[in-house]
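K.L.:
Model the structure of this input:
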Amino acid sequence: MTAREPINRVYTDEPLVKPPPMLVVGPLAWAQKNLFRTWLDALLTVGGVLLIVYTVTTFITWSVRWANWFAITFSLRQFMIGRFELGQEWRLEWMALFIAFAIGLALAAWGRAQPVAVLVAVVLLALLFALPPVFAAVLPQPTAYYTVSNTAVVSGSVRQEPLERVAFTGRAGETITLRVAVDTGVNDATLAQLVGFGDATANTLRNAAANRLDTLARIAELERQLAGDAITANQRAQFTRELERLQAPDPVVDTYALNLQPVNIAILDAALQPVAQTTLDAQSAPFTVELPADGWYVLEKTVAGGEPGVVLLATTGIYPTLERTFTRRAETLPDGTIAAPQRVSQYVRMTDGFALGDRRPSSGGQDLVYVNIIENQYRGDRGLSDYLRVYLGPFMSQISLPLLLLFVSGALGYQAARLLDRRYSRGEKPRRTSQRTAAWLLVAIPPVMFVLVLGFSGSTILPQTDSRLWGGLLLTVLLTIVGILGSFPLGVLLALGRRSHLPVVSATCTLYIELVRGVPLITVLFMSMLLLPLVNPALAGPDTAVYRAMVAVLLFSAAYLAENVRGGLQSIPHGQEEAAKALGLAGWQITLYIMLPQALRAVIPALVGQFIALFKDTSLVAIVGLIDLTGIAQAVVAQTEFLGTRREVFVFISIIYFIFSYAMAMVSRRIEASGSGMTRRI
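P.N.:
Sure, this is the predicted structure:
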């Protein structure tokens, strides 16, 4: 039997042309593949989108209508630098500019600025400068309500009597407008919807009208329930007793004859001399006064008629102020004498930040009551225009110039690196000069920071500062930098010591690491505060609390960092160490040139995660008496002017923590992508 002969066939038809595989899909195809592939994916996608939309809209609504952001706009200096000494802020400004210059130079040395990112930054800076004047020119000023009365206003257990004279601050050329608020006195419904700044008496009227409307609504609801048969006998008896207790009060606008009496109005200067005066009633046109100079003024208001009544004045130009006090350091006068430290008071207008240091007007030897923010809060649900003009505009004005200077300093550093490379870098390494310069500048940042912040004892240019006044973001950054730079070499040594073949070294490092990792950071902080003075009594003073906290943060972070590095060392194949020994390398050469670079590269995410955790853990120093970012937040919400603003304050510092943490994470990704620690071909 012979093998079967192969059959050769010839196909004359052209083969079918198949389209190439799709490597790029459109947005609809991507969404169908990743978000709506199954009914469960679609359900989760829709639910997640609805949850995100609900959360964002709720947050925006709360931010615009109800949140009180005065605690941020008028405490921004405290959040940034704490109680750092007045007149020495220039040191921190130069420090920030130096850091921005170094970052810009490093960006040019190891990366490239994306044109889109630069364009976005320029547009945002332009908006920061352009929007506040636009808000002030286009949006109307918020209304402030002040009460004129010759009788007390009562709402429940609250009893208020308006003041005849109240002081306020004003600028030269500003226009003050006063009129009778006839739109709010039509009935209790309009009075309960009063929106704007208002004194305590106006707020009492507003609450009385709102309480009456709530009572009437409850009476109507009870009558509707009792008229039906859908309630039980017990409920009927309960509702009947409640209905008997409730009494429908008379309308508030009728009880106090709201806006029916004429009022005498006078604007006085700081010497209580008349600037302008008139008589207003419900039919009068608005009364306008232009202020002649910067300073204190007094609003004098009395009811003109003899009949009892209450009149609401709707004003623009008279707004609440905040009293701030500072401590000026001892200064050497031209005659050689030393002036003692003194407390300085400053009055800041809430709507635009206009500050005045003059003493308040007085009458009969007593300072007049001024329009303070404690009793003249914003009442009602805020509109978007008031939010933009009162909160967002002033905040943007405060941060626009500092951000511009930081951007310009970073841009100068970027251009300086490009110039250095063009002039001095040649051959195969076109960025060699800029990289060396950037490395030295980054190394110089910590000592420059401490020199500028701490200063020198006896120096006239950089006098030594009081570390007890360090606070806010400044203290948080200082603690973080000390923790990172100090714990990194110590952690590496601990990791190497734990892997040492010397039993004493290995046991000592292991004991330290496990002991510190076994207790929380707050315990280490308390131990540092209490035990370090026993080692050195010179560290017992309150002016050394910051340094004791730095030691605690350093020692605590080093133990965790050591375990991260040890994990990276264990991930390196043992054959590399054997190969290095076969080549005749010494032990320190193997560790320094072969093991550590690869180990550190392998644990870059873990190291940066540890640094981010350290940055956030510095908030615990507030428990031991230091006023870092969290400590400042707690101090701000404890002020009488800002009671009830805890949510706003902690939302703000959460944003700050996120910005710095995200920046560190982004830098770590760039370092990892650059190939640091990898074996490279020379």
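K.L.:
Tell me which stretches of the stretch 351-500 of the chain form strands.
P.N.:
355-356, 362-363, 366-367, 378-379 (DSSP state E, counting those that start in this stretch).
K.L.:
before we move on, what about the stretch 201-350 of the chain?
P.N.:
263-269, 274-280, 287-290, 295-303, 310-316, 321-328, 331-332, 338-339, 342-349.
K.L.:
on that earlier part again, right, and the strands of the stretch 351-500 of the chain - which one's nearest Leu404?
P.N.:
Leu404 lies closest, by CB to CB, to one member of those: strand 355-356, at 21.8 Å. Where you see a C-beta, it was placed from the backbone N, CA and C, and this is true even at glycine.
K.L.:
Can you name the residues in contact with the closest one?
P.N.:
Thr169, Asp294, Gly295, Trp296, Gln346, Tyr347, Val348, Arg349 (CB atoms under 8 Å, 6 or more residues apart in numbering).
K.L.:
If you rank the residues you listed by neighbours, which is first?
P.N.:
Comparing the contacts of strand 355-356 by number of neighbours (other CB atoms under 10 Å), Thr169 comes first, having 24 neighbours.
K.L.:
looking at this, it is in a strand?
P.N.:
Yes. Counting by DSSP: H, G, I helix; E, B strand; the rest coil, Thr169 falls inside a strand.
K.L.:
Would you confirm that it contacts Thr321?
P.N.:
Yes. The criterion here is CB atoms under 8 Å, and Thr169 meets it with Thr321 at 5.7 Å.
K.L.:
Find the residues that touch each one of these two.
P.N.:
With CB under 8 Å, 6+ apart as the test, Thr169 and Thr321 both reach Tyr347, Arg349, Tyr370.
K.L.:
Please tabulate those residues in JSON lines, including the columns pLDDT and distance to Tyr593.
P.N.:
Putting those into JSON lines (pLDDT from 0 to 100; distance: CB to CB, whole Å) gives the following:
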{"residue": "Tyr347", "pLDDT": "92", "distance to Tyr593": "64"}
{"residue": "Arg349", "pLDDT": "92", "distance to Tyr593": "64"}
{"residue": "Tyr370", "pLDDT": "93", "distance to Tyr593": "70"}
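K.L.:
Can you list the helices and strands that the helix or strand harbouring Ile653 packs against?
P.N.:
Under the criterion of DSSP states H and E, Ile653 resides in helix 646-674. If contacts are counted by 3 or more CB pairs under 8 Å, 6 or more residues apart in numbering; DSSP states H and E, helix 646-674 sits against helix 70-73, helix 76-81, helix 604-617, helix 629-637.
K.L.:
ok, of the shared contacts of Thr169 and Thr321, which one's closest to Phe658?
P.N.:
The closest of the shared contacts of Thr169 and Thr321, once distances to Phe658 are taken by CB to CB, is Arg349, at 31.3 Å.
K.L.:
Hmm, the closest one is touching Glu323, no?
P.N.:
No. Arg349 lies out of contact with Glu323 (CB under 8 Å); the separation is 11.3 Å.
K.L.:
what's the offset of the one helix or strand Gly48 maps to from the middle of its chain?
P.N.:
According to DSSP H and E, Gly48 maps onto helix 39-61. Mean-position distance between helix 39-61 and its chain equals 26 Å (CA atoms, centre = their mean, to the nearest Å).
K.L.:
repeat for stretch 396-416
P.N.:
19 Å.
K.L.:
So which bits of it are buried?
P.N.:
396-398, 400, 403, 406-407, 409-411, 413-414, 416 (16 or more other CB atoms under 10 Å).
K.L.:
Among those, which lie within helices?
P.N.:
396-398, 400, 403, 406-407, 409-411, 413-414, 416 (DSSP state H).
K.L.:
where does this protein dip in pLDDT?
P.N.:
1-15, 20-25, 327-342, 427, 674-682 (pLDDT under 70).
K.L.:
Break it down into its structural domains.
P.N.:
Domain assignment for the chain by automatic domain parsing gives 69-78+465-682, 144-318.
K.L.:
Relative to Leu388, which of those domains is closest?
P.N.:
So among the domains of the chain, domain 69-78+465-682 is nearest, using CB to CB, at 11.5 Å.
K.L.:
Now do the helices in the stretch 151-300 of the chain.
P.N.:
Here the stretch 151-300 of the chain has its helices, by DSSP state H, counting those that start in this stretch, at 188-192, 200-227, 233-245, 252-255.
K.L.:
Make a markdown table out of those helices and add distance to Phe658 and mean neighbour count.
P.N.:
Formatted as a markdown table, the helices of the stretch 151-300 of the chain follow (distance: least, CB to CB, whole Å; neighbours: other CB atoms under 10 Å):
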| stretch | distance to Phe658 | mean neighbour count |
| --- | --- | --- |
| helix 188-192 | 39 | 20 |
| helix 200-227 | 36 | 17 |
| helix 233-245 | 49 | 11 |
| helix 252-255 | 46 | 19 |
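K.L.:
Of all these, which one is nearest Thr288?
P.N.:
Per CB to CB, nearest to Thr288 of these: helix 200-227, 21.4 Å.
K.L.:
other SSEs contacting that closest one?
P.N.:
Right, helix 200-227 is packed against strand 144-149, strand 153-155, strand 158-160, helix 188-192, helix 233-245, helix 252-255, strand 310-316, strand 378-379 by 3+ CB pairs under 8 Å, 6+ apart.
K.L.:
before we move on, back to that, switch the strands of the stretch 351-500 of the chain over to JSON lines; also include mean neighbour count.
P.N.:
Converted to JSON lines, the strands of the stretch 351-500 of the chain look like this (neighbours: other CB atoms under 10 Å):
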{"stretch": "strand 355-356", "mean neighbour count": "16"}
{"stretch": "strand 362-363", "mean neighbour count": "12"}
{"stretch": "strand 366-367", "mean neighbour count": "10"}
{"stretch": "strand 378-379", "mean neighbour count": "20"}
